[in-house]
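**Q** Coordinates for the following, if possible.
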Amino acid sequence: MKTNFLLQATASAGVEALTARELRDLGMENVRIDDRSRVFFEGTAREIAQANLWLRTADRVKLVVSEFKARDFETLFDAIYALDWEAYLPLGAKFPIYKAKTVKSQLHNEPAIQAIAKKAIVKKMQHVYHRPENVTLQENGPLFNIEIAIHKDMVTLTIDTTGDSLFKRGYRTEHGGAPIKENMAAAILLMTNWFANPTRAFVDPTCGSGTFCIEAAMLALHIAPGQNRDFAFTSWPWIGKNELEALKKEAQSLVRADKTLDITGYDSDPKMIAIARNNTLAAGLENVIQYKQMRLQDFESEKLDGVLVSNPPYGERLLEKEEAQKLYREMGETFRRLETWSKYILTSSESFEALYGAKADKKRKLYNGTLRTDLYQYFGKRIKTN
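**A** Below you'll find the model as predicted:
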């Protein structure tokens, strides 16, 4: 089996630089973002486990088997067959070509690409493990989901090491109508000035199921986002659970449980407050985060230094649009009093600034799922000190 791998961490558009920074902070080698905003790095089985355990902003971690040019099916078959699949797939492994994607390439029939790739790997496995070609290759062992992506005739073959996407931390037992994914919430938090000093007050005035509050607490307390979940690679014989369990034990010792935080979530819907509390309990943070049912326009604070982060309703449906616009106006009126607080508001509304009543100090384009949004950033006035 191979010991060192080329790996790829996938992330939403606009988040790649944060994912690359996370990888460098973890000590990963040769981290780079290519011209297609793909984040690559190198590592051993330990780094595969470490990246899955600790990455907050990524969607998943993939093992890159090979990259090569192919403009016809014969070249595609021969190149895939030539690869050392025995270095990854044990005898009996399940290896579906679970996804094929092609963009601006001579090969564009995705089902045919999947079929050719599968045929090539099966033939290679039969040859390597001395199995007759007229006998079906048994696939009853560990799962290796293989993806083939072709961009401008360049083929990239990867194996998913993650399983369920990394945004599934395991604590969200319920959610509201339009929840933000956990990894996007973490990415937004890393864009705020609260991250530099997480002892300041943190408030989500439209907390919904509590994702921003929970991710903020996990970030400040240095809790690994993958601490309470499993990954696809743990069934692989050449990695297994031992590497992950050792890293989880190490991660547990790094938690800053003695740190005092000031994190509060508000929502006008009592059902959402109940859901947020249940999710916080599942995350083991019930003694860290406070929740209260309250309308946004009733929020006030005597604290001089704080950060507000909000993912309010976008009003995508016609009947909800007026309600969302009313809420944006109320945000402007309510938050205007908090001159020394910084505010970060995510919405797809292009008229947000006009409704809010102030132009953002900074705006960043992001995608909440497939929906184009902007993070409107308003920085608090500097507090004068004697």
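**Q** Run a quick neighbour tally on the spatially closest residue to P90 that is not a sequence neighbour.
**A** Nearest in space to P90, with sequence neighbours left out and distances taken as C-beta to C-beta, 6 or more residues apart in numbering, is P237 at 5.5 Å. The way it works is simple: take the backbone N, C-alpha and C, and place the C-beta from them, glycine included. Other residues lying near P237 total 10 when counted by other C-beta atoms under 10 Å.
**Q** got a pLDDT number for N386?
**A** According to the model's per-residue confidence, N386 sits at a pLDDT of 56.
**Q** how close does A49 get to F144?
**A** Note on A49: its distance to F144, by C-beta to C-beta, to the nearest Å, is 16 Å.
**Q** the more surrounded of the two?
**A** Neighbour comparison, A49 and F144: the larger count goes to A49, with 27 against 24 (by other C-beta under 10 Å).
**Q** pLDDT value on the more buried one, please?
**A** According to the per-residue confidence, A49 scores 97 in pLDDT.
**Q** helix or strand for it, which one?
**A** For A49, the host element (DSSP states H and E) is helix 45-54.
**Q** Does the residue nearest to P90 touch F144 like I think?
**A** No - counting by C-beta atoms under 8 Å, P237 stays clear of F144, with 11.1 Å between them.
**Q** tell me how far the ends of stretch 126-137 are from each other?
**A** Across its full length, stretch 126-137 reaches 7 Å between end residues, using C-alpha to C-alpha, to the nearest Å.
**Q** ranges for the strands of the stretch 1-150 of the chain?
**A** Applying DSSP state E, counting those that start in this stretch to the stretch 1-150 of the chain gives strands spanning 5-10, 29-33, 39-43, 60-69, 97-103, 146-151.
**Q** May I have the strands that pair with the fifth one, each with its orientation?
**A** Under the criterion DSSP bridges, strand 97-103 sits next to strand 146-151 (parallel) in its sheet.
**Q** The strand it pairs with vs strand 60-69, what angle?
**A** Between the axis of strand 146-151 and that of strand 60-69 there is an angle of 50 degrees, by axes from the mean of the first three to the mean of the last three C-alpha atoms, to 10 degrees.
**Q** returning to that earlier point: distance from the chain centre to the helix holding A49, please.
**A** The chain centroid and the centroid of helix 45-54 are separated by 15 Å, computed with C-alpha atoms, centre = their mean, to the nearest Å.
**Q** related to what we said a few turns ago, would you mind giving the strands of the stretch 1-150 of the chain as CSV with mean neighbour count, distance to A324 and mean pLDDT added?
**A** Written out in CSV, the entries for the strands of the stretch 1-150 of the chain read as follows (neighbours: other C-beta atoms under 10 Å; distance: least, C-beta to C-beta, whole Å; pLDDT from 0 to 100):
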stretch, mean neighbour count, distance to A324, mean pLDDT
strand 5-10, 21, 31, 97
strand 29-33, 14, 34, 97
strand 39-43, 21, 34, 97
strand 60-69, 19, 32, 98
strand 97-103, 16, 34, 96
strand 146-151, 21, 37, 98
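**Q** any chance of these in TSV, with distance to D298 too?
**A** Listed next are those as TSV, based on distance: least, C-beta to C-beta, whole Å:
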stretch	distance to D298
strand 5-10	41
strand 29-33	44
strand 39-43	42
strand 60-69	41
strand 97-103	47
strand 146-151	49
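**Q** how does this structure divide into domains?
**A** 5-160, 182-226+255-378 (automatic domain parsing).
**Q** Just put those in TSV and tack on distance to K248.
**A** Listed next are the domains of the chain as TSV, based on distance: least, C-beta to C-beta, whole Å:
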stretch	distance to K248
domain 5-160	7
domain 182-226+255-378	7
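**Q** Out of the strands of the stretch 1-150 of the chain, flag the one nearest T373.
**A** Each of the strands of the stretch 1-150 of the chain was scored for nearness to T373 using C-beta to C-beta, and the closest is strand 5-10 (19.0 Å).
**Q** Give me the below-cutoff pLDDT ranges for the chain.
**A** 1-2, 177-178, 315-319, 384-386 (pLDDT under 70).
**Q** quick one, helices of it?
**A** The residue ranges that make up the helices of the chain, judged by DSSP state H, are 16-25, 45-54, 73-81, 110-128, 182-191, 211-220, 240-253, 270-282, 318-335, 352-356.
**Q** Ok, which of those helices comes nearest L6?
**A** Comparison of the helices of the chain against L6 by C-beta to C-beta identifies helix 45-54 as nearest, at 11.1 Å.
**Q** and the helices of the chain as CSV, adding distance to Y376?
**A** Formatted as CSV, those follow (distance: least, C-beta to C-beta, whole Å):
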stretch, distance to Y376
helix 16-25, 18
helix 45-54, 29
helix 73-81, 46
helix 110-128, 38
helix 182-191, 11
helix 211-220, 15
helix 240-253, 34
helix 270-282, 22
helix 318-335, 10
helix 352-356, 6
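**Q** Out of the ones you listed, which is closest to K259?
**A** Go through the helices of the chain one by one with C-beta to C-beta and the one that ends up closest to K259 is helix 211-220, at 6.4 Å.
**Q** That closest one to helix 182-191, inter-axis angle?
**A** Relative orientation of helix 211-220 versus helix 182-191 (the same axes, to 10 degrees): 60 degrees.
**Q** Packing partners of helix 211-220?
**A** In terms of contacts (3 or more C-beta pairs under 8 Å, 6 or more residues apart in numbering; DSSP states H and E), helix 211-220 is packed against helix 182-191, strand 201-204, strand 263-267, helix 270-282, strand 289-293, strand 306-310.
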